[in-house]
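[1] okay, predicted coordinates and the sequence, questions at the end:
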Amino acid sequence: MPLTKLPVAVLGATGPVGQKLVALLANHPWFGLVSIHSSERTSGSRYFDAIADRLFYSEDELRHAQDMILLPATELSSASLAFSALSASAAREVEPLWLQEGRSVCSNASAFRMHPNVPIVLPGVNSNHVHLVRSQREACGWNGYLVTNSNCSVSGLVTALAPLEGLSPMGACCSTYQSLSGAGWPGHPAVAALANVIPYIAEEEAKVANEARKILGSLEEGRIADRPLTMDVFCARVPVAVGHLMSAHVWFNEEFTVEQVISIWESTPAALIPSAPASSIVVRRENDRPQPSKDVRTGGGFSAVVGRVRKSESGALAFAVLVDNLVLGAAGAALMNGELLAANGYLG
Ligand SMILES: NC(=O)c1ccc[n+]([C@@H]2O[C@H](COP(=O)([O-])OP(=O)(O)OC[C@H]3O[C@@H](n4cnc5c(N)ncnc54)[C@H](OP(=O)(O)O)[C@@H]3O)[C@@H](O)[C@H]2O)c1
């Protein structure tokens, strides 16, 4: 543990993901929050004034930052590491400004996820991909390191699939039931979302497929070789506040039993960093779990919760997996990536 805390910033601090990052940074053992940033719409405002009408968490969780003044995202502070919860279009412009000035960035945004020199990392799933950052200075001309975390829905799938690598997964068919908070603030109008299901989320299905193949791929000679995995994906928005549920069917080259899979999941070690949960995968055996309203806070939102585990008629492993889209699917993953960069000596 460092003697002095590393100064960090949150970019996009006013949205649900940025608020969660600010909350998770209260009393963090390695990081100290020195600045918060947003767009020109809200910068210059006191934090609690800017988020008063879109407070996503309790005031107590965010109180340590209540009087901080929001800076424009383009104005760099003394932070050496920035956690980015910017919209993708803003991230594409703003994150390189920080990187060129020698700051590292852990980003939730999709802007650079599929860039060949940028890893998508979920600690405990593909922690070794963090070393792809070594290729960035020469290829991108940045003086800091950029690590991204995945799309929120894919985080549960890859957490479940990574420990099953020995069974040789070859294809998956997945349907998501994604919560409203996944669309940011203000998201869908209430009249369109309540008592309804919207069977389309722009660009989401391709993100789930492409990001799963990259995360489950291998780092070889300074590049990621994607895992060859056939992915059929369907994504829907459902009237749930927080928590993305996915139904998955996965076909393997190797024979397996359900008991064997559950035993592998229950013995999967967690990453050795401060925010990693005691269990990265929690298996529920009740027929009607996991449920967003009952299970989304498992492991503080850092655990993936698996249930309905069974073998299908076609021989697939079938299961449901739930993630807290704002923690394991977003802010918590970015925070753990900062810890992973620090633990590997990339932050000086
Ligand atoms: N919500 C989820 O479950 C989830 C999960 C995984 C990843 N993500 C990704 O994480 C990021 C944040 O998500 P969110 O749901 O919190 O989004 P959001 O509610 O739309 O918040 C976006 C943030 O970016 C800032 N911003 C927007 N345009 C800007 C610009 N031109 N310059 C500087 N700042 C700008 C906003 O500041 P103002 O308040 O000043 O407009 C706000 O702080 C997005 O890229 C999203 O795709 C979200």
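    The structure has been received and is ready for your questions.

[2] all contacts plus neighbour counts: C-alpha atoms, from now on.
    Fine.

[3] centre of the chain versus the helix or strand where A82 lies, how much separation?
    Per DSSP states H and E: A82 is located in strand 81-84. Relative to its parent chain, strand 81-84 has a centroid offset of 14 Å by C-alpha atoms, centre = their mean, to the nearest Å.

[4] helices or strands next to that strand in the packing?
    Here strand 81-84 touches strand 6-11, helix 88-100, strand 104-107, helix 332-343, going by 3 or more C-alpha pairs under 8 Å, 6 or more residues apart in numbering; DSSP states H and E.

[5] could you pull out the helices for this structure?
    Under the criterion DSSP state H, the chain contains helices at 16-24, 47-50, 59-62, 88-100, 136-140, 152-161, 190-193, 204-215, 258-266, 292-295, 332-343.

[6] compare these and give me the one nearest M246.
    Proximity to M246 (C-alpha to C-alpha) singles out helix 152-161 among these, at 7.4 Å.

[7] and the closest one with helix 204-215, angle?
    40 degrees (axes from the mean of the first three to the mean of the last three C-alpha atoms, to 10 degrees).

[8] ok, helix 152-161 near the ligand or not?
    Yes. For helix 152-161, a contact with the ligand is found by C-alpha under 6 Å from any ligand atom, at C152.

[9] ok, A111 to the ligand distance?
    A111 sits 8 Å away from the ligand, going by C-alpha to the nearest ligand atom, to the nearest Å.

[10] N151 versus the nearest residue to that residue once chain neighbours are set aside, what's the distance?
    Distance criterion C-alpha to C-alpha, 6 or more residues apart in numbering; nearest residue to A111, sequence neighbours excluded, is A88 at 5.0 Å. For A88, the distance to N151 (C-alpha to C-alpha, to the nearest Å) stands at 12 Å.

[11] give me the common contacts of those two.
    Common contacts of A88 and N151, defined by C-alpha atoms under 8 Å, 6 or more residues apart in numbering, comprise S110.

[12] for those two, work out which one has more neighbours and name it.
    A count of neighbours by other C-alpha atoms under 10 Å puts N151 above the other of A88 and N151, at 22 against 16.

[13] residues in contact with the more buried one?
    Residues counted as contacts of N151 (C-alpha under 8 Å, 6+ apart) are N108, S110, K207, V208, E211, G329, A330.

[14] confidence-wise, which helix or strand of this structure is lowest on average?
    helix 190-193 (a mean of 91; mean pLDDT, DSSP states H and E).

[15] how about that one: buried residues?
    A193 (16 or more other C-alpha atoms under 10 Å).

[16] and the contacts of it?
    Helix 190-193 is touched from outside by L180, V238, P239, with contacts defined as C-alpha under 8 Å, 6+ apart.

[17] who wins for neighbours among the residues you listed?
    Counting by other C-alpha under 10 Å, top hit in these: L180 with 24 neighbours.

[18] who in the stretch 101-250 of the chain is up against the ligand?
    N108, A109, N151, C152, S181, G182, A183, G184, W185.

[19] only whichever of those residues are buried, select them in PyMOL.
    If you want just the buried ones from those in PyMOL, going by 16+ other C-alpha under 10 Å, the selection is:
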select buried, resi 108+109+151+152+181+182
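
[20] out of the residues of the stretch 101-250 of the chain next to the ligand, which one sits closest to V283?
    C152 (19.4 Å).

[21] which parts of the stretch 201-348 of the chain are strands?
    218-220, 223-225, 230-237, 244-252, 281-283, 304-311, 317-323 (DSSP state E, counting those that start in this stretch).

[22] of all those strands, which one is nearest L55?
    strand 244-252 (20.4 Å).

[23] which other helices and strands contact that closest one?
    Here strand 244-252 touches helix 152-161, strand 169-178, strand 317-323, going by 3+ C-alpha pairs under 8 Å, 6+ apart.

[24] would you mind putting those into a markdown table with mean pLDDT alongside?
    Shown next, in a markdown table, are the helices and strands packed on strand 244-252 (pLDDT from 0 to 100):
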| stretch | mean pLDDT |
| --- | --- |
| helix 152-161 | 97 |
| strand 169-178 | 98 |
| strand 317-323 | 98 |
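
[25] got those as a markdown table, with distance to S104 columns?
    As requested, the helices and strands packed on strand 244-252 are arranged in a markdown table below (distance: least, C-alpha to C-alpha, whole Å):
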| stretch | distance to S104 |
| --- | --- |
| helix 152-161 | 22 |
| strand 169-178 | 30 |
| strand 317-323 | 27 |
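
[26] okay then, goodbye and thanks.
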